[in-house]
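Peer 1: would you be able to build a 3D model of this:
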Amino acid sequence: MIYYQQKANETLKQYIRCFWWLDNDSSKNLDYTILPDGFFDIIVRFNNYEYESTVLTGTYTKEIEVVIPPNHQLFGIQFKLSAVEYIFGESIAPLLNSQKKLPDTFWNLNSFDFSENIDAMDKLNSVLIQEVNKINNLDNRKLLLFSLLSQSKGNHSVSYFAKKVFWSRRQINRYFNKMFGLSLKSYCSILRFSASFKDIKKGDLLSNQNYYDRSHFNKEIKKYANQTPKSLSNNENDRFLQISIIPNK
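Peer 2: Numbering: from 1, shown residues only. Predicted structure coming up:
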């Protein structure tokens, strides 16, 4: 398996976490478990570098099993939640734990040459900057909220975020449920869960992500991964993709 990531243009960093590329250049299926991480993706699928389809995922609150056939490639854009309103302009709540097929001509992704990934990503940066430039009436409360969530990895209460952005808990939760399909509290739990991946990979089975104790940590990991921290740390056959791709540092 060949995998790499590239950061988006600086202008886009509040909306996009990264571009990524995965190539199964082996002669067998690759089986992976995708864990909830608080992001959503556009995924472009190829068979021997020939375009097949484009899908948009929602956010995940549980593990998802995926199979990548031999000689298939995936190109992805991993979005932060702020992109839902300010790039797509519509709710992804109906896509919670699922995905939908996009038109082949969406952002002309079917015409990109992803064998030249750097050039393709440069072109995509330009396309996405154009989409962002169409935005009117940015809500600074929302952008500040997303920034605080990213910085803190969800390690604060809903009340804390509400006070920081001068927005009521009820309004925030209504917004999150309408746009993303889950509450802010649930989203914070997912951010904290995904932030523990680095600790788990290092074999630290009591992450420093503000869990009350080992029992609470184990319960939360089990809730979102359906696995124990030890099983994730062992990562047999590199099954858990997000843990496998963390650099060994």
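Peer 1: so who does Ala162 touch?
Peer 2: Ser168, Arg169, Ile172 (CB atoms under 8 Å, 6 or more residues apart in numbering). In short, each C-beta sits where N, CA and C put it, glycine included.
Peer 1: so which residues make contact with whichever helix in the chain runs longest?
Peer 2: When the chain is scanned for its longest helix (criterion: DSSP state H), the result is helix 117-133. Residues outside helix 117-133 that contact it (CB under 8 Å, 6+ apart): 4, 6, 8-9, 11-12, 15-16, 19, 21, 75, 77, 86-87, 107-108, 112-114.
Peer 1: and the residue lying farthest from the centre of the chain, which of the three is it?
Peer 2: Note on the chain: the largest C-alpha distance from the chain mean falls to Ser27, namely 28.0 Å (CA atoms, centre = their mean). Three-state call for Ser27 (DSSP: H, G, I helix; E, B strand; the rest coil): coil.
Peer 1: next up, phi/psi of it, please.
Peer 2: Backbone torsions of Ser27, given as degrees, to the nearest 10, read phi -100, psi 10.
Peer 1: same question, Phe79
Peer 2: The phi/psi pair for Phe79 (degrees, to the nearest 10) reads phi -100, psi 150.
Peer 1: can you list the buried residues in the lowest-mean-pLDDT helix or strand in the chain?
Peer 2: Taking mean pLDDT, DSSP states H and E as the measure, the chain has helix 117-133 as its least confident helix or strand, at a mean of 85. When burial is assessed from 16 or more other CB atoms under 10 Å, helix 117-133 yields the following buried residues: Asn117, Ala120, Met121, Lys123, Leu124, Asn125, Leu128, Glu131, Val132.
Peer 1: list the contacts of the helix or strand just after that helix.
Peer 2: Using DSSP states H and E, the helix or strand that follows helix 117-133 in sequence is helix 140-152. Helix 140-152 is contacted from outside by 14, 80-82, 85, 156, 161, 164-167, 172, 175, 187-188, 191, using CB under 8 Å, 6+ apart.
Peer 1: distance-wise, check Ser194 relative to Ser183.
Peer 2: 17 Å (CB to CB, to the nearest Å).
Peer 1: settle it for me: which of the two has more neighbours?
Peer 2: Ser194 (19 against 16; other CB atoms under 10 Å).
Peer 1: helix, strand or coil for the nearest residue to that one once chain neighbours are set aside?
Peer 2: Leaving aside its chain neighbours, Ser194 sits nearest to Asp37 (4.0 Å; criterion: CB to CB, 6 or more residues apart in numbering). When classified by three-state DSSP, Asp37 comes out as coil.
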